[in-house]
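Asks: Predicted structure and sequence below. I'll ask about it afterward.
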Amino acid sequence: MGGTVTVKIDLVADLGESFGAWTMGDDDALLDVLTSANVACGFHAGDPRTMDATVRGCVARGIGIGAHPSFPDLAGFGRRAIDLTADEVRTDVLYQLGALHAFATSHGTTLSHIAPHGRLGNLVATRADYARAVVDAVEAFDPRLIVLAQDGELADHTRERGIRVAIVAIVDRAYRSDGTLVPRSEPGAVIHDQDTLVARTVQMVTEGVVEAVDGTRIPIEADTVLLHGDGADAVRNARAIREALLRAGVVIAPVTEVLAAKEAGKEEKESASCPA
């Protein structure tokens with residue numbers, strides 16, 4: 001008779017998205033809620049001082065540090081499609097990885113993961129050439145990095161190269177029935193109601209499903225929950241989500257620990273299924 005399976009989940013948010021004298025979000029407050037951080041690398045947001053301060057804050061709290069590369073689009077916050085070649089995507093991602101790595105090294109730590117931002121993050125789920133370009137950059141930089149991705153091309157190409165993938169549940173964005181996100185240009189693309197955010201997060205994590213905009217229940221095998229940090233209620237929502245997950249018996253842990261537990265469980269299951 002098997003025991004109760006403990007569900008583990010990582011909580012991640014996009015941080016370091018201030019620029020110069022302009023401030024985005026309450027990073028310090030969010031760091032008290034998170035287990036991982038996607039740190040802007042200067043292409044859609046962030047600057048050297050912001051990157052340095054964000055990495056310092058992560059190290060002080062034991063938060064996993066990940067690169068959050070984007071299209072070169074400061075004016076559009078990385079949310080506009082830019083017609084780049086695959087090689088431009090590869091070299092831009094590699095450049096941003098190197099920039100954040102320098103700050104991680106200066107604070108005595110390393111990067112744990114990478115999570116493409118904004119429009120690039122959406123396109124790598126559907127464009128094989130962009131997905132391969134991101135994986136090429138990761139493989140050249142450090143194949144031990146975990147790639148945070150939605151189900152799709154990036155996740156598939158990452159697995160094919162033998163690099164670890166963590167599937168991201170994006171709790172404040174509406175999903176289509178094919179598993180892709182509703183574009184921000186469409187009504188209802190972003191969910192703001194806290195009760196709805198909390199309920200769908202617990203359902204994603206404990207039941208492995210999310211309700212699409214047409215009412216379809218689609219499967220999602222989440223390893224990390226993305227909590228966007230740029231809204232007025234971001235910190236309050238993040239705290240409510242964390243508290244609800246804990247009440248549901250979910251263990252909050254860094255993505256490296258989540259994947260290690262998942263891999264150990266898979267090995268145990270395969271071992272138990274093998275004939276003696």
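Replies: In hand now; what should we look at? This structure is a prediction, so every number in the text was calculated from the model and none was measured.
Asks: Could you report the pLDDT at residue 5?
Replies: Here the pLDDT value assigned to residue 5 is 65.
Asks: do residue 149 as well
Replies: In this prediction, residue 149 carries a pLDDT score of 96.
Asks: what about it, neighbour count?
Replies: Applying other Cβ atoms under 10 Å, we find 27 other residues in the vicinity of residue 149. In short, each C-beta sits where N, CA and C put it, glycine included.
Asks: Got the confidence number for residue 275?
Replies: At residue 275, the pLDDT value in this model is 60.
Asks: ugh, typo on my part, it should be residue 56
Replies: If you check residue 56, the pLDDT there is 98.
Asks: So it, which state does it fall into?
Replies: When the structure is split into helix, strand and coil by DSSP: H, G, I helix; E, B strand; the rest coil, residue 56 lands in helix.
Asks: contacting residues for the residue nearest to it when sequence neighbours are not counted?
Replies: Spatially, and ignoring its direct neighbours in sequence, residue 56 is nearest to residue 107 (5.8 Å; Cβ to Cβ, 6 or more residues apart in numbering). By Cβ atoms under 8 Å, 6 or more residues apart in numbering, the residues touching residue 107 are 55-56, 59.
Asks: quick one: residue 107 from residue 62, how far?
Replies: Distance, residue 107 to residue 62, using Cβ to Cβ, to the nearest Å: 12 Å.
Asks: Overlap of the contact sets of these two?
Replies: Taking Cβ under 8 Å, 6+ apart as the contact criterion, no residue touches both residue 107 and residue 62.
Asks: Restricting the selection to alpha carbons, write the one helix or strand residue 39 maps to to CSV.
Replies: The secondary structure element spanning residue 39 is strand 36-40 (assigned by DSSP states H and E). Taking Å, rounded to 0.1, in the frame of the first residue of the first chain, the C-alpha atoms of strand 36-40 are listed here in CSV:
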residue,chain,number,x,y,z
SER,A,36,13.2,31.4,-7.1
ALA,A,37,13.6,34.6,-9.0
ASN,A,38,13.8,35.4,-12.8
VAL,A,39,16.1,38.4,-13.0
ALA,A,40,15.9,40.8,-15.9
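Asks: Alright, that wraps it up for me.
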